[in-house]
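**Student:** Pasting a predicted model and its sequence here:
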Amino acid sequence: MDLRFGDSKPTDDERAAVDALLGPPESSWEGADRCDADLRWARGGREARDRRDLLLPGLHALNDRVGWISEGALDYLCRRLTVPPAEAYGVATFYAMFSVRPRPATVLHVCTDLACTTAGASELCADAEARLGPQSGVRVERSPCLGLCERAPAALVVRAGDPARPPFEAEAVQAEGGSGGTVPGGGKGRRGRSTLHATAVCAPATPDTAVHAATAPERAPAEPAPALAVPQAGDPALTLLHRIGTTDPASLDDYRAHGGYTALRRAFALGPAGVIREVTDAGLVGRGGAAFPTGRKWQATAAQPDHPHYLVCNADESEPGTFKDRVLMEGDPYALVEAMTITGYATGAHKGYLYLRGEYPRALARLTHAIAQARTRGLLGDDVLGRGYAFDIEIRRGAGAYICGEETALFNSIEGYRGEPRSKPPFPVEKGLFGRPTVENNVETLVNVLPILTMGAEAYAAIGTPASTGPKLFCVSGTVARPGVYELPFGATLGELLALAGVRDNLRAVLLGGAAGGFVRPDELDVPLTFEGTREAGTTLGSGVVMAFDGTVPLPRLLLRIAEFFRDESCGQCVPCRVGTVRQEEALHRIAERTGAEAADDIALLREVGRAMRDASICGLGQTAWNAVESAIDRLGAYE
């Protein structure tokens with residue numbers, strides 16, 4: 001791919017996908033039919049460059065409509081946005097969900113990460129590939145974590161097509177055999193009529209259900225209710241999960257009847273400074289793993305004289321084993337809308353971006369509906385609740401990149417660049433999204449703001465421990481009887497949590513914090529689940545991942561999968577991570593085939609590489625890529 005535009009032309013479908021997002025081109029410079037009147041000068045170049053942030057939505061539009069991104073389609077999108085094709089190619093190839101090579105319109109993504117690997121994902125992939133075959137028009141792709149760990153093994157079907165076409169029209173086209181010709185790899189013909197765009201989640205998946213969903217995603221069984229992912233559903237003592245299972249997630253009236261928008265009204269009564277003071281006094285810290293004080297971050301953003309300010313909700317939970325944000329968004333979407341509105345009000349932001357995992361189709365539908373309803377009812381828009389405050393939310397879909405969970409990589413992704421982390425300082429509160437002061441929090445952190453305002457900072461701080469206040473959500477998966485999201489006050493022990501989840505006999509190890517976390521032994525279940533408690537125990541709480549493994553799980557294979565994950569997800573920007581993750585995987589492959597002194601040499605090499613990544617990597621991905629392997633060697637004796 002060159003910096004210059006080529007001669008490839010978009011198909012009608014590709015052009016329609018881009019034009020549906022950007023509007024029709026206004027001049028031949030943007031790809032319209034040639035007009036002699038506009039050949040001597042370019043019009044609208046500055047405005048087009050200001051729309052660079054629409055590059056990722058444009059790539060999604062093409063991928064959703066056609067199934068892959070051709071050179072002609074990318075060239076046309078670049079003309080519309082005045083982005084050099086080489087830069088856009090770098091962005092398109094950065095994300096796992098996009099393809100720049102022809103592929104079938106239907107893709108079956110099968111999760112092969114930790115929980116799903118232990119539940120038989122490899123066998124599921126092999127069986128699905130054998131049953132579908134190369135002539136089925138379905139590609140089976142091994143995928144990183146899909147965020148469905150409580151229902152492992154999991155699969156996601158994505159079928160490209162026209163998102164605006166009614167289902168009955170799509171079915172008529174199929175009945176006529178009018179799906180068009182095929183390109184190599186089973187894609188659609190250049191002038192063929194597209195089918196209906198569809199997605200289907202299949203979890204827990206079997207070869208039969210996966211094949212059925214792949215061949216007819218629009219007729220796949222509906223996903224189970226979010227309450228099934230919450231074993232405590234219906235418990236009136238819950239703080240963050242109390243509406244899941246008792247409230248219709250699609251109904252704004254039902255949400256308000258169960259206490260919704262009480263917190264926003266109190267926020268308006270307190271004023272921005274009062275809200276920040278409440279959040280600070282409550283002791284709320286970030287729930288994404290870094291545990292930075294939320295009130296301090298909000299205050300630093302609000303105090304910046306540069307405007308506009310932005311709010312970014314990080315809903316790209318890609319840590320293997322994490323799915324709590326998905327359950328909140330699917331089961332209580334209005335709570336996130338309300339919490340984002342409060343955060344924007346407190347920090348002086350009038351625009352919020354919700355960066356949502358591309359693998360969460362139901363969360364996308366629920367939040368799109370909730371935002372539209374809130375806007376219609378005056379809870380978003382130019383005059384929220386008639387208080388003279390303007391705030392609105394825009395959803396931006398991720399496309400499969402773990403690194404975009406890092407806040408500055410997320411900003412780059414929204415702005416239309418590769419999702420690579422930025423050097424700090426300057427920090428996001430000074431120069432974040434679009435170079436403006438930005439506050440970034442994940443879904444769980446934001447939703448905690450609601451009980452802080454409704455019950456008061458003092459009552460909230462009384463929950464948990466003095467250093468880790470409030471309730472915490474834990475994602476429990478693996479070899480347990482009742483996997484799901486659990487809400488417990490900070491300070492509960494790991495053993496108490498596993499007792500609720502029904503830990504099975506022959507427990508071998510527990511992974512805390514996901515792939516970036518660490519293992520603990522079965523005799524260490526008295527570890528208090530707090531940030532300070534896990535730190536003192538030599539491990540990490542992270543985002544709240546708790547994965548239990550019994551003696552049937554081959555630990556070396558699990559460690560190799562963690563190493564493969566970090567190798568795949570490294571953005572490649574810095575040498576310690578780019579090279580170190582590859583060397584770590586290579587050493588683990590060798591160790592699996594060696595014993596004695598040879599294995600000891602590779603373990604020594606692993607320690608050296610791990611220290612280099614931890615000390616010199618730009619961001620948390622490289623800094624934590626060695627954690628789980630180190631803990632397995634030192635605490636579990638994985639290779640003894």
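**Tutor:** Received the coordinates, thanks.

**Student:** Would you state the helices of the stretch 101-250 of the chain in chain order?
**Tutor:** 114-118, 121-132, 167-175, 207-215 (DSSP state H, counting those that start in this stretch).

**Student:** ugh, wrong one, I meant the stretch 401-550 of the chain
**Tutor:** Using DSSP H, counting those that start in this stretch, helices in the stretch 401-550 of the chain cover 407-415, 443-447, 449-455, 457-461, 494-501, 531-536.

**Student:** Which one of these lies nearest to residue 571?
**Tutor:** helix 407-415 (7.0 Å; C-beta to C-beta). C-beta here means a position set from N, CA and C on the backbone, and glycine is covered the same way.

**Student:** what comes up buried for the closest one?
**Tutor:** For helix 407-415, the neighbour count (16 or more other C-beta atoms under 10 Å) marks 407, 408, 409, 410, 411, 412, 413, 414 as buried.

**Student:** Output those as TSV; include the columns pLDDT.
**Tutor:** Formatted as TSV, the buried residues of helix 407-415 follow (pLDDT from 0 to 100):
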residue	pLDDT
407	96
408	97
409	97
410	97
411	98
412	97
413	98
414	98
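
**Student:** out of the residues you listed, who's nearest residue 453?
**Tutor:** Using C-beta to C-beta, those come closest to residue 453 at residue 407, 24.2 Å.

**Student:** That closest one and residue 313 touch, don't they?
**Tutor:** No. Between residue 407 and residue 313 there is no contact under C-beta atoms under 8 Å: 11.1 Å.

**Student:** follow-up on the earlier one: most neighbours per residue, which of the helices of the stretch 101-250 of the chain?
**Tutor:** When the helices of the stretch 101-250 of the chain are scored by mean count of other C-beta atoms under 10 Å, the highest mean neighbour count falls to helix 114-118 (a mean of 26).

**Student:** okay, residue 163: pLDDT?
**Tutor:** On pLDDT, residue 163 comes in at 80.

**Student:** no no, residue 288
**Tutor:** On the pLDDT scale, residue 288 gets 88.

**Student:** can you give me the strands in the stretch 201-350 of the chain?
**Tutor:** With DSSP state E, counting those that start in this stretch as the criterion, the stretch 201-350 of the chain has strands at 309-315, 349-356.

**Student:** Which of these sits closest to residue 207?
**Tutor:** Per C-beta to C-beta, nearest to residue 207 of these: strand 349-356, 29.8 Å.

**Student:** Point out where the stretch 501-640 of the chain drops to low pLDDT.
**Tutor:** 595-597 (pLDDT under 70).

**Student:** Next: the chain.
**Tutor:** Residues of the chain that meet the cut-off, pLDDT under 70, sit at 1-3, 28-29, 31, 33-48, 164-195, 595-597.

**Student:** repeat that with 50
**Tutor:** 166-194 (pLDDT under 50).

**Student:** Quick test: name the residue nearest the centre of it.
**Tutor:** residue 316 (2.3 Å; C-alpha atoms, centre = their mean).

**Student:** close enough to count as contact, it and residue 357?
**Tutor:** Yes. Using C-beta under 8 Å, residue 316 makes contact with residue 357 at a distance of 5.2 Å.

**Student:** shared neighbours, those two?
**Tutor:** Jointly contacting residue 316 and residue 357 under the rule C-beta atoms under 8 Å, 6 or more residues apart in numbering are residue 398.

**Student:** if we can go back for a sec, need the helices of the stretch 401-550 of the chain in CSV (columns: distance to residue 397).
**Tutor:** CSV is the format used below for the helices of the stretch 401-550 of the chain (distance: least, C-beta to C-beta, whole Å):
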stretch, distance to residue 397
helix 407-415, 10
helix 443-447, 15
helix 449-455, 24
helix 457-461, 33
helix 494-501, 31
helix 531-536, 31
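
**Student:** deepest of these, which one?
**Tutor:** Buried most deeply of these, by mean count of other C-beta under 10 Å, is helix 443-447, with a mean of 25.

**Student:** What are the contacting residues of it?
**Tutor:** Counting by C-beta under 8 Å, 6+ apart, 240, 284, 286-288, 294, 313-315, 317, 324-325, 328-329, 332, 335-336, 339-340, 343, 473, 544 sit against helix 443-447.

**Student:** How about stretch 569-576?
**Tutor:** Residues contacting stretch 569-576 (C-beta under 8 Å, 6+ apart): 94, 144, 318, 401-403, 409, 418-421, 577-578, 581, 612-613, 615-618, 621-622, 625.

**Student:** So residue 23 versus residue 80, what's the distance?
**Tutor:** 9 Å (C-beta to C-beta, to the nearest Å).

**Student:** For those two, work out which one has more neighbours and name it.
**Tutor:** Each of residue 23 and residue 80 has its neighbours counted (other C-beta atoms under 10 Å); residue 80 has more, 26 against 10.

**Student:** show me the contacts for the residue nearest to residue 124 when sequence neighbours are not counted.
**Tutor:** Excluding its sequence neighbours, the residue lying closest to residue 124 (C-beta to C-beta, 6 or more residues apart in numbering) is residue 153, at 5.2 Å. By C-beta under 8 Å, 6+ apart, the contact list for residue 153 reads 110, 111, 116, 119, 120, 121, 124, 203, 204, 205.

**Student:** before we move on, what about residue 214?
**Tutor:** 106, 108, 128, 132, 136, 138, 140, 157.

**Student:** would you turn the residues you listed into a markdown table with distance to residue 85?
**Tutor:** Shown next, in a markdown table, are the contacts of residue 214 (distance: C-beta to C-beta, whole Å):
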| residue | distance to residue 85 |
| --- | --- |
| 106 | 28 |
| 108 | 30 |
| 128 | 35 |
| 132 | 34 |
| 136 | 33 |
| 138 | 30 |
| 140 | 30 |
| 157 | 31 |
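
**Student:** neighbour-wise, which of those leads?
**Tutor:** Highest neighbour count within these: residue 108, with 30 neighbours (other C-beta under 10 Å).

**Student:** Who does it form a beta bridge with?
**Tutor:** residue 140, residue 157 (DSSP bridges).

**Student:** The residue nearest to the centre of the chain - nearest residue in space that isn't next to it in sequence?
**Tutor:** residue 398 (4.7 Å).

**Student:** What count of nearby residues applies to the one you found?
**Tutor:** Neighbour tally, residue 398, other C-beta under 10 Å: 27.
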